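Asker: Here is a sequence together with a model predicted from it:
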Amino acid sequence: MSFGDNTIARSRIPAFLLGALLATALLGSSACWAISSPLKATLVDRAGNHHEVEKLTYQDRLDIEYYVEGQRRLVPLQNIDRLRLEGDPRDEEQTIVVTLRTGRSETGKILAGSNVSPHQDALGGGGSASRFTGVTPLGPFDILVRDVREIIMRHPASLPPAKETVLKATLITLDGKMFEVEGVEYRGTLRMDYNIGNKRRSAKLEKVSRVDFTEGGTHQEMRPVTITYWSGKTVQGTVEASTVRLSGEMDKSYFERVNAAFTGRIASGAFSIGMHAIKQIRFKPPVQEEGAEGEHKGVKADGDRLGN
């Protein structure tokens, strides 16, 4: 038997060694895609332990998602001074108090995920729950949202908060009602998704002066729209406007998908509306403030970008 025979040589490699080699390759591959975070923080867990964390991320992202008065907020960690979690750690929804670097605070709800408690010796145990990750002097750090009491961000002077673009608009519904809305967002962001044929695109709302919806009833799954930019450019496409309830869809998910495509604030309080009910949106020139929404990368000058 000759070791020059590649087939025979491969057959003699122990199974455990092949497994180890494969695991190493997979880990190396995933490391290439890891987010590089410049964020540092002091994290206090529910037991009162303090952890000095570098390269902090939430769900492997540099922003955090929570809900205020039922409206989705997506805030860069770069803009947060501190956050505190309150309530029973067994609850799937935790109360979160966020203090921005501007000094403004807001209280909302954050989804902690599965209510299965992790083992007492394994902070961050469990697969479906939300978590923070990073690095401490002891090595990689991982902790479930439900195990966090407070996070105090340690921002260097070289990392100023991102500018917030505050959008205001006049929104007209199909039945003729008119609303003056402040802090306009599309599903918690400053981009509106739409389609041109089979291609998914995204319009940066601060570049948009108006959106006109073609009237055709409130039961269309896709509604034709005309997007007009401040530059004068116009784009025609379609937006998802289905009101059909999906199989197994929970009440909250259904309401947010169907009735809270655009959100904001009006004089009487929080405002939300679905794509099926809008006739026209007329934006006012955007105003930039220090605050919660960062710049969205990958957007061309006219505000469009290709989706995934």
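Answerer: Yes, it's here.

Asker: Any regions of the stretch 101-250 of the chain where pLDDT drops low?
Answerer: The model of the stretch 101-250 of the chain has pLDDT under 70 over residues 114-128, 216-219.

Asker: quick one, strands of it?
Answerer: 105-111, 131-136, 139-144, 148-153, 163-166, 168-173, 178-186, 191-196, 199-204, 208-213, 222-229, 234-240 (DSSP state E, counting those that start in this stretch).

Asker: Please identify which of these is closest to residue 46.
Answerer: strand 148-153 (5.2 Å; C-beta to C-beta). No exception for glycine: its C-beta is placed from N, CA and C like everyone else's.

Asker: and the closest one with strand 105-111, angle?
Answerer: Taking axes from the mean of the first three to the mean of the last three C-alpha atoms, to 10 degrees, one finds strand 148-153 and strand 105-111 inclined to each other by 130 degrees.

Asker: and strand 148-153, how far from the chain's centre?
Answerer: 19 Å (C-alpha atoms, centre = their mean, to the nearest Å).

Asker: Give me the contacts around that strand.
Answerer: With C-beta atoms under 8 Å, 6 or more residues apart in numbering as the test, strand 148-153 has contacts from 39-46, 48, 56, 77, 80-85, 132.

Asker: Going through those, which ones are buried?
Answerer: 39-41, 43-44, 56, 77, 80-85, 132 (16 or more other C-beta atoms under 10 Å).

Asker: Dump those residues to a markdown table, plus distance to residue 190.
Answerer: Shown next, in a markdown table, are these (distance: C-beta to C-beta, whole Å):
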| residue | distance to residue 190 |
| --- | --- |
| 39 | 22 |
| 40 | 27 |
| 41 | 25 |
| 43 | 29 |
| 44 | 32 |
| 56 | 24 |
| 77 | 17 |
| 80 | 18 |
| 81 | 22 |
| 82 | 24 |
| 83 | 22 |
| 84 | 26 |
| 85 | 26 |
| 132 | 25 |
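
Asker: Tell me which two in those residues are the farthest apart.
Answerer: Farthest pair in the buried ones among the contacts of strand 148-153 (C-beta to C-beta) is 40 and 85. Separation: 19.3 Å.

Asker: ok, back up a step: between the strands of the stretch 101-250 of the chain, which one is closest to residue 262.
Answerer: strand 178-186 (5.8 Å).

Asker: helices or strands up against that closest one?
Answerer: The helices and strands touching strand 178-186, judged by 3 or more C-beta pairs under 8 Å, 6 or more residues apart in numbering; DSSP states H and E, are strand 168-173, strand 262-266.

Asker: Tell me which residues touch residue 179, please.
Answerer: Residue 179 is in contact with 170-173, 266, 271, counting by C-beta under 8 Å, 6+ apart.
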